[in-house]
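> Structure for the following, please:
(one chain, ligands or ions: 1)
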Amino acid sequence: MPYVCADYSKYKFVNVCWNSENGIATVTLKRPPVNSLTAEFLRELSSLLLDLEKDETQGLIFTSEFDEKVFSAGLDFKELYRPSIDHAKEFMSLLHSFSFRLSCTAYPTVAVINGHAPAGGCIIPLCCEYRIGLNNFNIGLNELKFGILLPDWLSSLMIHTIGSRNAEQAILSGTLFSSEHALRIGLVDEIAPTKEVALEKATAFLNKAKIVNRSLRLDAKLHLRRPILQEFQKDIENELAKNVSLLMSDKVQQSLDAHIKILKEKRGN
Ligand SMILES: CCCCCCCC/C=C\C=C\CC(=O)SCCNC(=O)CCNC(=O)[C@H](O)C(C)(C)COP(=O)(O)OP(=O)(O)OC[C@H]1O[C@@H](n2cnc3c(N)ncnc32)[C@H](O)[C@@H]1OP(=O)(O)O
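Model (predicted):
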């Protein structure tokens, strides 16, 4: 059984619950109020994946502290509004490297999606091998509605998950799917009535993975995910530069400004 070496209490935005009997790590995202992804959060998540790898984790479950509300609200609007060029570059690079790392972990991964997961909030679930949703949440890649062209690796993750035809329709219409609809098109693999049941289902999925030799399983995973991994590795410098210039463009900045205002008005601030 794996021996836990890393100090998981050092992490600010996640709670790591390590089960020493089965080697499964349950990682609860807890960056208030809505687990939006900032550079600091992405840096922490990347470092966490390395720690889990070193500790020979047998399986990883992601879930959110903000149960039945939000899994992750996606990229942090506020941090990405008028960033410095250096910060924009750092952010895009962290988003890319974390998503790549999560897509090819040696251990199996599950997302328990216990709340909304719009746009960038869908990235963690899509990088995972298995997705279990709760009822009454929305999930999808609705970036086109913000004037954001998806990076190829992200489209590729969606295609891998729901097939090209469904992905084309979903991405081009910027649809956010209800949990039932997400189940029908395969964007989630199962629906559970509560987080507890979802966590049991996640553990059952991870236990099934154990009957396969670990290194053979990793070879097969990398082989099956080759089209996605190739998109991640394709012309990285150019891809990052494209995303930075998209983020800095007037159109995207105006869209972020408009969304920040909408959220403020909603809260009456
Ligand atoms: C911009 C990138 C350009 C470059 C692209 C290249 C790479 C492309 C790859 C991926 C791109 C992804 C794009 C995104 O992810 S953009 C973010 C999209 N997300 C959303 O549209 C979600 C917006 N939020 C909501 O719909 C709701 O907040 C919801 C998550 C459903 C929760 O609703 P509720 O529980 O009612 O909470 P409130 O709306 O009242 O919000 C509570 C506070 O949280 C703040 N908030 C919400 N979302 C974000 C966010 N994304 N970033 C930062 N902050 C967010 C909100 O303002 C409230 O704050 P406060 O309490 O201070 O008022």
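
> Does stretch 252-259 reach the ligand?
Yes. Interface with the ligand: stretch 252-259 contributes residue 252 (CB under 6 Å from any ligand atom). The C-beta positions use only the backbone N, C-alpha and C, and glycine is treated the same way.

> CA-only coordinates of that stretch in CSV, if you can.
Only the C-alpha atoms of stretch 252-259 are listed here, as CSV (Å, rounded to 0.1, in the frame of the first residue of the first chain):
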residue,chain,number,x,y,z
VAL,A,252,-12.9,39.3,-24.9
GLN,A,253,-12.1,42.0,-22.4
GLN,A,254,-15.4,43.7,-23.2
SER,A,255,-17.2,40.4,-22.8
LEU,A,256,-15.5,39.8,-19.4
ASP,A,257,-16.4,43.3,-18.3
ALA,A,258,-20.1,42.7,-19.3
HIS,A,259,-20.1,39.4,-17.4
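
> Enumerate the positions of that stretch that are buried.
Of all the residues in stretch 252-259, those buried under the rule 16 or more other CB atoms under 10 Å are 252, 253, 255, 256.

> Now do the same for the third one: its pLDDT.
Think residue 255. With respect to pLDDT, residue 255 scores 94.

> That one contacts residue 142, doesn't it?
No. The pair residue 255 / residue 142 is not scored as a contact, 11.9 Å apart, by CB atoms under 8 Å.

> among the buried residues of stretch 252-259, which two are most distant?
Within the buried residues of stretch 252-259, 253 and 255 form the most distant pair, 7.2 Å apart (CB to CB).

> quick one: contacts for the residue nearest the centre of the chain?
Central residue of the chain (CA atoms, centre = their mean): residue 124, 1.2 Å from the mean position. Contacts for residue 124 (CB atoms under 8 Å, 6 or more residues apart in numbering) come out as 29, 62, 71, 72, 102, 111, 117.

> Looking at the residues you listed, which are in helices?
Judged by DSSP state H, these include residue 102 as members of helices.

> Please identify, among the contacts of residue 124, the one with the most neighbours.
When neighbours are counted by other CB atoms under 10 Å, residue 117 leads the contacts of residue 124 with 33 neighbours.

> what sits against that one?
70, 71, 72, 74, 124, 125, 137, 138, 139, 140.

> Could you list everything it pairs with in the sheet?
Taking DSSP bridges, one obtains residue 139 as the residues bridged to residue 117.

> confidence score at it?
98.

> how many other residues sit next to residue 143?
22.

> mind checking how far it is from residue 62?
21 Å (CB to CB, to the nearest Å).

> Ramachandran coordinates for the residue nearest to the centre of the chain?
phi -60, psi -50 (degrees, to the nearest 10).

> same thing with the one 10 residues further on?
Torsion angles at residue 134 (phi, psi; degrees, to the nearest 10) stand at phi -100, psi 170.
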